[in-house]
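Engineer: missing the sequence, but the structure's below:
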């Protein structure tokens, strides 16, 4: 029985640690929406950035956090014909788009300037029931549990960074800077494409670097990235994925990428660069920003996850109930694990 109020993890102000468990109303859905009973929600680095007020994007306060989620449909709007109550689904993040914008009309709705995402633009899924436009939904394969299906979104971010937006050939050497969840997943997908991959981190990242090894990557200290990138022929590596949350790592990427190589920038960093971009010109390097994802990427990732080719469970360091969200945030933020997952309604299977 659905009651009128529900608990939610709410970010209510742009100052550090302005997040708390509040009661909010269960949303009413429109004709093109579904009401989703949330099964699981992944904690993203962007959730942590909003929690610590270190983010660089506009937030519509107060807002319920959570944009990595999966669950079961409880109610469908009058115009929804391709989904029904009881379907197990996960959701894309583009909660609001302008369907008539030039980007949306060419299928690049993830880049629509009017786009608003769950967890910052509209209420997200760190709650029990969330309103979701049916166009955002994807069916979860029967063999994939919801606690892992909730992590489809970060897998799609990584796929865009190393499979959609750049070209990796078998045998390429690819360096990943930053062993957070996105960096680890970028390494895993680059390995699937046949690259020789190293994930670089600091001494404090040892736990996460061990996960990189489990995902088929080498794990190296940031002090050793130059040697690793140049040990073949002295020119550097074919590609660098900048998945760190600081701006300074782009300088490292420019130093170690080979001439005519590429850099895929997927990590957010709000600080100014403070260094010259002349090496970008001199080396004829492709600097590629990578943001979000589209429908086709989600369908591919769900196949990879369900088949076991992308073992996303290896990045999950722990699960917590919704009421213990703060412990989940602290544990992930401390770096002892790569990924926290909130089990809102654990699946019986």
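Structural biologist: Perfect, thanks for sending it. If you're wondering where the values come from, they're calculated on a predicted model, not measured in any experiment.
Engineer: When you work out contacts or count neighbours from here on, use the C-alpha atoms and nothing else.
Structural biologist: Fine.
Engineer: what's in contact with stretch 15-25?
Structural biologist: Outside stretch 15-25, the residues within contact range by CA atoms under 8 Å, 6 or more residues apart in numbering are 4-13, 50-54, 323.
Engineer: who's in contact with the residue lying closest to residue 247 once chain neighbours are set aside?
Structural biologist: Of all residues not flanking residue 247 in the chain, residue 269 sits nearest, at 4.8 Å (CA to CA, 6 or more residues apart in numbering). Going by CA under 8 Å, 6+ apart, residue 269 touches 56, 244-247.
Engineer: again, only using 6 Å
Structural biologist: If a contact means CA atoms under 6 Å, 6 or more residues apart in numbering, then residue 269 has 245-247 as its contacts.
Engineer: Residue 101 too?
Structural biologist: Counting by CA under 6 Å, 6+ apart, residue 101 touches no other residue.
Engineer: How confident is the prediction for it, by pLDDT?
Structural biologist: We have a pLDDT of 97 for residue 101.
Engineer: Could you verify my assumption that residue 266 touches residue 290?
Structural biologist: Yes. Assessed by CA atoms under 6 Å, residue 266 is found in contact with residue 290 at 5.1 Å.
Engineer: Out of these two, name the residue with the larger neighbour count.
Structural biologist: A count of neighbours by other CA atoms under 10 Å puts residue 266 above the other of residue 266 and residue 290, at 24 against 19.
Engineer: how far away is the residue lying closest to residue 5 once chain neighbours are set aside from residue 40?
Structural biologist: Spatial nearest neighbour of residue 5, excluding adjacent residues (CA to CA, 6+ apart): residue 25 at 4.5 Å. To residue 40, residue 25 is 19 Å away according to CA to CA, to the nearest Å.
Engineer: Compare these two (neighbour count), which wins?
Structural biologist: Counted by other CA under 10 Å, residue 25 and residue 40 do not tie: residue 40 has more neighbours, with 34 against 12.
Engineer: Surely that one and residue 344 touch.
Structural biologist: Yes. The pair residue 40 and residue 344 passes the contact test of CA under 6 Å, sitting 5.4 Å apart.
Engineer: intersection of neighbour lists for the two?
Structural biologist: Shared contacts of residue 40 and residue 344, defined by CA under 6 Å, 6+ apart, are absent.
Engineer: Could you find which two of the contacts of stretch 15-25 are furthest from each other?
Structural biologist: In terms of CA to CA, the contacts of stretch 15-25 reach their longest pairwise distance at 4 and 54, which sit 33.3 Å apart.
Engineer: Neighbour count for those two, which is higher?
Structural biologist: Shown here are residue 4 and residue 54; by other CA under 10 Å, residue 54 has more neighbours (15 against 10).
Engineer: Backbone torsions only: list them for the more buried one.
Structural biologist: According to degrees, to the nearest 10, the main-chain angles of residue 54 amount to phi -110, psi 20.
Engineer: That one and residue 48: what is the separation?
Structural biologist: Using CA to CA, residue 54 is found at 8 Å from residue 48.
Engineer: Equivalent analysis for residue 6, please.
Structural biologist: According to CA to CA, residue 6 and residue 48 sit 22 Å apart.
Engineer: before we move on, back to that, ranking the contacts of residue 269 by neighbours, who comes first?
Structural biologist: Neighbour counts for the contacts of residue 269 peak at residue 245, which has 19 neighbours (criterion: other CA under 10 Å).
Engineer: Using the three-state scheme, assign it.
Structural biologist: At residue 245 the chain is in coil, as set by DSSP: H, G, I helix; E, B strand; the rest coil.
Engineer: Roughly how far does it sit from residue 48?
Structural biologist: Remark: distance between residue 245 and residue 48 (CA to CA) = 11 Å.
Engineer: Quick check, central residue of the chain?
Structural biologist: Central residue of the chain (CA atoms, centre = their mean): residue 154, 2.7 Å from the mean position.
Engineer: Which helix or which strand is home to that residue?
Structural biologist: Per DSSP states H and E, residue 154 falls inside helix 152-159.
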